[in-house]
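*Asks:* My questions are about this predicted structure, shown below with the sequence.
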2 protein chains.
Amino acid sequence: MIRHTVAFTLRHDPDSAAEHAFLADGERILTGIPGVLDFAASRQVSPKSDYRFQFAMTFADQAAYDAYNAHPDHVAFVEQRWAVEVAEFEELDFEPLGA
Amino acid sequence: MIRHTVAFTLRHDPDSAAEHAFLADGERILTGIPGVLDFAASRQVSPKSDYRFQFAMTFADQAAYDAYNAHPDHVAFVEQRWAVEVAEFEELDFEPLGA
């Protein structure tokens, strides 16, 4: 089980229509890809970080994660939306410590 | 509801007794502090990041989070263990997007 997370900041103005659209479209598109479990969209609220949002999702195993990365809907989202609208991001992936 | 997370790398050698002790003591000490919910210790596995571990916990609200930060067991852990044994870290806190 792998919890894939990405914290990010958008180029859009806070609370703008473009910000809302990115967050809604991201959730809709990514949750439609097979293997994506427990998707969560969050607001990053620590003043110790400049990131403003996070998408997180779980994959059953590395094969499911690889299939997600290669899925045409993911590739298109990254190329057409993420690369254009995201200013900064950081990926962190987690497995239970005992695993 | 706030999910508090900190990704970190220890000064200890990977898989050393000191590493195991820090992870076990951290979980034991932090889960003993009132208000700490759903504690999880994870291994950071993305090759895109150098962090090797993460502690995560949930607080019901900011008051519970503040009480945790000020709790003597937390203060002692930060001063006596974290400041000594942790090489690098990053805190990210999350609230559900709709909140």
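*Replies:* Perfect, I can see it now. Numbering: from 1, shown residues only, chains lettered A, B, ... in the order given.

*Asks:* What residues sit buried inside stretch A:3-23?
*Replies:* A:R3, A:H4, A:T5, A:V6, A:A7, A:F8, A:T9, A:L10, A:H12, A:E19, A:F22, A:L23 (16 or more other Cβ atoms under 10 Å in any protein chain shown). Any C-beta I mention is one placed from the backbone N, CA and C, and that applies to glycine too.

*Asks:* mind checking the SS state of the last one?
*Replies:* Right, A:L23. Following DSSP: H, G, I helix; E, B strand; the rest coil, the label given to A:L23 is helix.

*Asks:* Tell me the secondary structure of the residue lying closest to it once chain neighbours are set aside, please.
*Replies:* Nearest residue to A:L23, sequence neighbours excluded (Cβ to Cβ, 6 or more residues apart in numbering or on different chains): A:A41, at 6.0 Å. Following three-state DSSP, A:A41 is assigned to strand.

*Asks:* In contact with A:A41, which residues?
*Replies:* A:L23, A:G26, A:E27, A:F53, A:Q54, A:F55, B:P96, B:L97 (Cβ atoms under 8 Å, 6 or more residues apart in numbering or on different chains).

*Asks:* what about the last one, how many neighbours?
*Replies:* Think B:L97. B:L97: 15 surrounding residues under other Cβ atoms under 10 Å in any protein chain shown.
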